[in-house]
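Asker: Just to be clear, the model below is a prediction. Sequence and coordinates:
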Amino acid sequence: MKKFVKFSLFILLIPALLLSSCKKYGETVERTTDPEFQKLTAYMAAEDMDLSDVLSGWIIAAADIKDNLGNYYIIDIRPSGYADGHIPGAVNCSLKAVLDTAANANGNPIIVVCVTGQWAGHAVVALRLSGYSDAKVLKWGMSGWHSSKDSWTGNVDTKTPHGSWIDKPGSIVANKEFNDPDLPAYTVSDEEFLEERVEAMLEAGFKGTGSDVILDKPVNYFINNFWDDDDVKEYGNIIGAYRVKPLTIAGDQFKHIDPSKTVATYCWTGQTSSMVTAYLTVLGYNSTSLKFGVNSNIYDNLKSHKWSAATGCPEDLPLETK
């Protein structure tokens, strides 16, 4: 009788043992959600602060503002070079101080200026998540305003693509599901916690990494190609890259971003990826942007989305010095 009972218990335990074994080897492991992450992102989506909202109309060209500068509040966040020449009427501050400086905009739409249009992306994400929904990046930064400020030409790569670049039609890794990032528990309101997260992002500063650093060791990163599928087929991709685009709270696509690695986002020029990187940082991911985008690696292959002095800065616009 005792043998029968033991045998019966063993039979009953088999499904549990199998399930446990499957979980051990990742076959049926369920993703872990973080309550703070879920609360924060639900609040942001409800307040029209999804990534798709933040990336709506976020950039503007010099040609579109040069004749009506008085209609804008221009914030120049360059750490150096402001006194030697800046857009007339622009005010200078650090990236960390951009929200304090924006308080003086008096209702005027804000344009943030940096050297290349990349640092400004972090500032504009902070502004758009802080109530300045019409803040914009000046495309190409000061490089697109005056040729004497060009910091783009020397950073495009006209050499052979790096060995970690897969030629077209590319080979994107299929998306998987990952756990939520772990955000600290909070008892303040969602709005106040978002303010804290934005301040922390600004305090951390610009998160950008050079092309060679990422391409020399792509396995160290969760690489997200922020392109459309047709663009990958046209140009290829970094080896091991995923393609999580669209990337929205509403579409539940953040579950495809791995918080256990540094998330390296790349785009054409590093300007869009700066925006995405800042947003990811606010949400608790360790993230970085590929500086200068694929202009830093496959410049010669690009048919569009590439810097050139002729298109990026077709004319020298007025500079103010002080």
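Answerer: All right, it came through fine.

Asker: the strands in the stretch 201-322 of the chain, which residues?
Answerer: 208-209, 221-225, 237-238, 262-266, 287-290 (DSSP state E, counting those that start in this stretch).

Asker: Tell me which of the ones you listed sits nearest to Ile60.
Answerer: Ile60 sits nearest to strand 287-290 of all the strands of the stretch 201-322 of the chain, at 19.7 Å, using CB to CB. For every residue, glycine as well, the C-beta is placed using N, CA and C.

Asker: May I have the helix or strand hosting Ala123 exported as CSV, CA atoms only?
Answerer: Taking DSSP states H and E as the criterion, the element that holds Ala123 is helix 119-128. The C-alpha atoms that make up helix 119-128 are tabulated as CSV, following Å, rounded to 0.1, in the frame of the first residue of the first chain:
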residue,chain,number,x,y,z
TRP,A,119,23.0,66.3,-27.5
ALA,A,120,19.9,68.4,-28.2
GLY,A,121,17.8,65.2,-28.5
HIS,A,122,18.2,64.5,-24.8
ALA,A,123,17.2,68.1,-23.9
VAL,A,124,14.1,67.9,-26.1
VAL,A,125,12.9,64.6,-24.6
ALA,A,126,13.3,66.2,-21.1
LEU,A,127,11.3,69.3,-22.3
ARG,A,128,8.6,67.3,-24.0
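
Asker: can you list the residues that contact it?
Answerer: 49, 53-54, 58, 75, 77-78, 95, 98-99, 102, 110, 112-114, 135-138, 141, 198, 201-202, 205-208, 271-275, 277-279, 282, 289 (CB atoms under 8 Å, 6 or more residues apart in numbering).

Asker: Weed out the non-buried ones from those residues.
Answerer: Buried residues within these, defined by neighbour count using 16 or more other CB atoms under 10 Å: 49, 53-54, 58, 75, 77-78, 95, 98-99, 102, 110, 112-114, 135-138, 141, 198, 201-202, 206-208, 271-275, 277-279, 282, 289.

Asker: Off-centre distance for stretch 86-106?
Answerer: The gap between the average C-alpha position of stretch 86-106 and the chain average comes to 22 Å, counting by CA atoms, centre = their mean, to the nearest Å.

Asker: Got the domain ranges for this structure?
Answerer: As assigned by automatic domain parsing, the chain contains the domains 35-156+308-312, 165-301.

Asker: how far does stretch 216-234 stretch from start to finish?
Answerer: With CA to CA, to the nearest Å as the measure, stretch 216-234 spans 23 Å from end to end.

Asker: And stretch 280-289, by the same measure?
Answerer: Criterion CA to CA; first-to-last residue distance in stretch 280-289 is 11 Å.

Asker: Give me the mean pLDDT for that stretch.
Answerer: Stretch 280-289 carries an average pLDDT of 98.

Asker: Let the chain start at 9 from now.
Answerer: All set: I'll call the first residue 9, so the last point we hit is now stretch 288-297.
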